[in-house]
Structure formats: structure tokens, C-alpha cells
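Give me a model of this one.
(one chain, ligands or ions: 1)
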Amino acid sequence: MTDTTDMPAATRPAAQATPAWWQTAVIYQIYPRSFQDSDGDGIGDLAGIESRLDELVALGVGAIWISPFFPSPMVDFGYDVSDYCGVDPMFGTLADFDRMLAAAHTRGLKVILDFVPCHSSHEHPWFVESRASRDNPKRDWYIWRDAKPDGSPPNNWIGEFGGPAWTWDDTTGQYYLNVFLSEQPALNWANPDLRAAMLDAMRFWLDRGVDGFRVDAIIFAAPDVDGGDHPPNPDWIPAMGLARSQLQTRSAHQPGVFDVVRDMRRVTDSYPDRVLIGETSGTLDDVIPYYGADMDLFHLPFYFAMLSTPWRADALADFIVRYEAALPEGAWPTLVLGNHDISRIASRAGVAQARVALTLLLTLRGTPVLYQGDELGMDNASIPPDRVQDPWERRVPGLGLGRDPVRTPMPWTDGDNGGFSTAEPWLPLHLPPEGSAARQETDPGSMLSFARRLIALRRDRPALSQGDYRQIDAGPDVMVYERRCGDDRLVVCLNLSDAPRAVPVGGRPLLWTHKDRGAAAIPSLGLDPHEAVILDPA
Ligand code: NOJ
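From the prediction side, this is the model:
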């Protein structure tokens, strides 16, 4: 580990004179089905988002990323798009979108959309045409191959949700590739007309004023379908789901993907001040190339390893050291502890650790992406079998792969349906241990009140939003690190255990998770179980 304390300032990574907004903002992910319903159908919508923007301003986030709201048969809840340039009536209209966007911009909030480029819905008119005949002009917009002589699919690939990655089409007598569900046929970015149409779809939203995209499942943009079978994964266990029983040596991270991202970035950069974020699942070695050798690919390629890192101080510290060390010059980290696909952090780390986790997310170097409800300490909901919605859970029940437990409606109030809707919500309402947002708002000691103070501190202090990072060895079960930007310095102290821990650092307490630490400087800190304290060491 590198200790940068004694380095001359010139050799320390310098904070950029004017960082980009996407480097300093906290990005808040909205899962629109579950954020706020405005028309009483039990499903959230764009007008609902607009009506809750003031809550997000009060929380202090700088940008929202909205998961898909485009027309879709909703087989994968919007990640199966049937029109890239529209709004599904369930979520409202384009006029609702424009209104919501303007309302967000008026409040200083940036708006990032989800772009789903690697597959459309099987109901997309392009696919309807493509499957109509082998000589249809859009045939090659999707990936079609002959069966093997015995009638089996062209290769052994398994889809991400456990079914086959190829679907037979009787009409035209060929298989098409579907990396996820068969209702999500893979788009062929090698076809120049498809590529142009998709880049135009990006322009459609950029012209309307959106501030960027989070690009879905980009690692599958250039599958080498003729390159052969996937080898077995020697480390596979059934709990990983069937897709992980193979190593995706041909479907994921193929060289052509970078060319696709470069085109997306060119389009993004032709508008001022926009951001491109990639859903770049994989190892550190997989993710780093997505910055581009000339920083010309994603501004923010996600590195998801913190989601699977054991919730232990040594493991997390090691994650950060390795991530920081691997980042090339000019690359900015992204930080994720939750999203709509993965068990809630309050369930993974334990409810008692929720504030420590939030502190970690918001005080590391990089852009934090906060999933809706994590600011309330939401844990996983338990979903009765007859209410299961997620196609993944329906396909492989009982493995715990289902994503419904993290997609339940926002519990805004203690009223009917949590103030989310006047109707029964599409997934059951689940209250976090500390209660609804309204209840937490009135309690200065609540998780929500803490989240607001923490984000405010991050906004106020360049050390947190831009500073460099130095780990301080402080013994087992604790993470202690300094953030520093010029003269601005803070020390973050986290106790990941359920026992008290002494840490050999002192200073003036600025923020604490539990008991009032007062404003007077202390010579050294005794952390309570599950406590986080941020000190001003000056
Ligand atoms: C990743 C998205 O986050 C997930 O929700 C979706 O099911 C797949 N991509 C397929 O688009």
C-alpha cells in the first residue's frame, strides 16, 4: 500500500482544476416502476418522478439515472425495448418526459437515461421485419445462424437467465441469438445500418436535453458467435446460476465492443458536458480497457467487485487498493453498493452496517451511484411466491437469483401503499427497519437524516468529492483513510464489527452515525460497534 503523506505535494495526484459534474455529483438510480405512481395503476411513472424531485434535492444528489421507461412488453421489465425513441404508456408520454426533464434541470439535477443497445424486444418492429424472411433488409440487424446438422443450436452458449442463448425460428428455419431471454434478440452492431439507427436513438434523447446514458450489458455488443463453444467454468456451483457454468470467452468483452463504445462516445461528445457510463461487468482486467487507451470510451465504466467483496475491513481495503492501483492516468473510479439486480447492501452487510456502508460509498474517491431506497436503509423484501414477477426467479425458482426483493416500491409515507400509489403496488410494499421516508425525515437520528448530512458534507468538502485517497493502518475490523485535496483534509473511520474498536487518530468530529460526538477535538477515537465517524484532523 502506498503512503502518500510524506510525498511532496507535486507527486500526489492533483485534483483537477474544474472537475466535471459527473465526477463530483452523487448519481441516484431510479427504478421507475417502483419510485412513485401518479395515475393509480400501482406502477411508478414519469410524472411520479417529477413529483418527488424535491425529495432528491433535499437528499443532495446531483444526478438521477432512470432505468428504462421505453415502450416494452415488459418481459424483462423494460430491458426489452420495442421502441428506442418513445415512452411506454404505463410510464406516461414524451410530453411527461420533457416536463420531468425540465423540472429536474430547473432544480440543478442532471438526468441520465438507460440505453439498452445489445438486444431489443422480440416485439420491436425491426425484429418483426428481421424474422419475416431471410432476405428482409433488416435480417442482418439481428444475429441469425443455421442449426448444426443434428438440428441443435450453432454453439453451446447459455443465456444469462439460464435458458439457451439461441431460439429457433420456424418461419425462416434459423436460430437467432439471445444473450438474455428469447424475448430479447441480440442486435447486430456489425451491421452499419443497425449501428446508425442505434446511434440516432442516442441523438434523439440527447437532442431533448438528457445529460448522458448508462449503457446496459455492453460487454455483449460484439459476440464471436462463429468462434465456437464456451468452455466449462471449473469454479461453478449451482447457486451461481446456469449461465455462470460456462466461461464467456466468446460472448463477452470481444474486441469489437470497444469500437461500438467509441462510436457511442463520439455521439455523446458531440453534445457539451454529457456522460457515458458503462455496465461493464467483469474483473478489473476486463473493466479497465473500457476507459480506452486515450480515455475515449466510457467516462465511468462500472466496476462491480465491491458488490461481491466480503463485508470485512481487510477485504474492502484490499479491493480499494487494487482498484486504485489499476486505474490508468485520467481514469475516474465509480462506486456501486447496490442496484436493481443485486441483493440490498443492508441485507448483504447487515442492517446494523447500513450507515457504515453508506459512509464508505460516499467517502471513497470516485463517483458514487446510490440505488433508490438505500438512503432509507432498505433491506431485501420477502416476496410471496404468488407475487413473484422477475422472469429470472420464475425460470430458476429457489436459487435466490430473483430481483424482486430489491425492486419493491419506495415507502414514502406511513399511509396506504406507503404513499407510493393509490392502488395495490405491482410488488408488495416493504418498509425498511427505520420506517418510511416521512417518518425518517422527522427524526434527526434516522438513516435518511444521516444520508442527507453525509451528502451535504461531500458537496461541501473538496477532499471528499475530488481529493486523493490514503489508507491508514488502524488494526483489524476498521477502515481508516484520509481524503485530501490541497489543504482540505478529512479522516474517515469505519467500524465494520459489532464490537468497540480504538483507532489511533484524532481530530474534530464532523459527522457521526450514532451517538453525538460533539464538536470538541479528541486525541484519539474509540469507535462504537457499527459506528462511522468523519474527523477533521486539522
Ligand atoms: C442488465 C440490467 O441491469 C438487468 O436488469 C437486465 O435484466 C439485463 N441487463 C438485460 O438487459
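
right, is stretch 341-361 up against the ligand?
Yes. Applying CB under 6 Å from any ligand atom, one finds stretch 341-361 touching the ligand at residue 341. For glycine as for every other residue, the C-beta is placed from the backbone atoms N, C-alpha and C.

what about the closest residue to residue 419 other than its chain neighbours, how many neighbours?
Distance criterion CB to CB, 6 or more residues apart in numbering; nearest residue to residue 419, sequence neighbours excluded, is residue 413 at 3.3 Å. Around residue 413 there are 16 other residues, counting by other CB atoms under 10 Å.

quick one: contacts for residue 413?
419, 436, 437, 438 (CB atoms under 8 Å, 6 or more residues apart in numbering).

Quick check, the last one in contact with residue 412.
Yes. Between residue 438 and residue 412 a contact is recorded at 6.3 Å, counting by CB atoms under 8 Å.

Break down the stretch 401-538 of the chain into its strands, ranges please.
Along the stretch 401-538 of the chain, the segments classed as strands by DSSP state E, counting those that start in this stretch run 468-472, 478-485, 488-495, 501-503, 508-512, 525-527, 532-536.

so what pLDDT did the residue nearest to residue 419 get?
We have a pLDDT of 98 for residue 413.

Kindly reformat the strands of the stretch 401-538 of the chain as TSV containing distance to residue 273 and mean pLDDT.
As requested, the strands of the stretch 401-538 of the chain are exported to TSV (distance: least, CB to CB, whole Å; pLDDT from 0 to 100):
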stretch	distance to residue 273	mean pLDDT
strand 468-472	25	97
strand 478-485	22	98
strand 488-495	25	98
strand 501-503	40	96
strand 508-512	31	97
strand 525-527	40	96
strand 532-536	30	98
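
Which neighbours do residue 438 and residue 412 have in common?
With CB under 8 Å, 6+ apart, residue 438 and residue 412 have common neighbours residue 419.

Mind checking which of the two has more residues around it?
residue 412 (20 against 16).

Might you report the residue contacts of the more buried one?
Residue 412 neighbours (CB under 8 Å, 6+ apart): 36, 52, 55, 418, 419, 420, 436, 437, 438.

Can you give me the distance of the residue of the stretch 401-538 of the chain found nearest the ligand to residue 490?
Per CB to the nearest ligand atom, residue 403 is where the stretch 401-538 of the chain lies closest to the ligand, at 6.9 Å. Per CB to CB, to the nearest Å, residue 403 is found 35 Å from residue 490.

the more surrounded of those two?
A direct count of neighbours by other CB under 10 Å for residue 403 and residue 490 places residue 490 higher, at 25 against 19.

Report how many residues lie close to residue 151.
With other CB under 10 Å as criterion, residue 151 counts 8.

Confirm it sits in a helix?
No. Under DSSP: H, G, I helix; E, B strand; the rest coil, residue 151 sits outside any helix and is assigned coil.

Now do the contacts for the closest residue to residue 416 other than its chain neighbours.
Spatially, and ignoring its direct neighbours in sequence, residue 416 is nearest to residue 422 (7.3 Å; CB to CB, 6+ apart). Contact analysis of residue 422 by CB under 8 Å, 6+ apart lists 37, 40, 416.

and if we set it to 10 Å?
Neighbouring residues of residue 422 by CB atoms under 10 Å, 6 or more residues apart in numbering: 37, 38, 39, 40, 41, 42, 415, 416.

Report the distance from stretch 180-190 to the chain centre.
Distance of stretch 180-190 from its chain centroid, counting by CA atoms, centre = their mean, to the nearest Å, is 21 Å.

Start the count at 895 instead of 1 going forward.
With the count now opening at 895, the last piece we talked about shows up as stretch 1074-1084.
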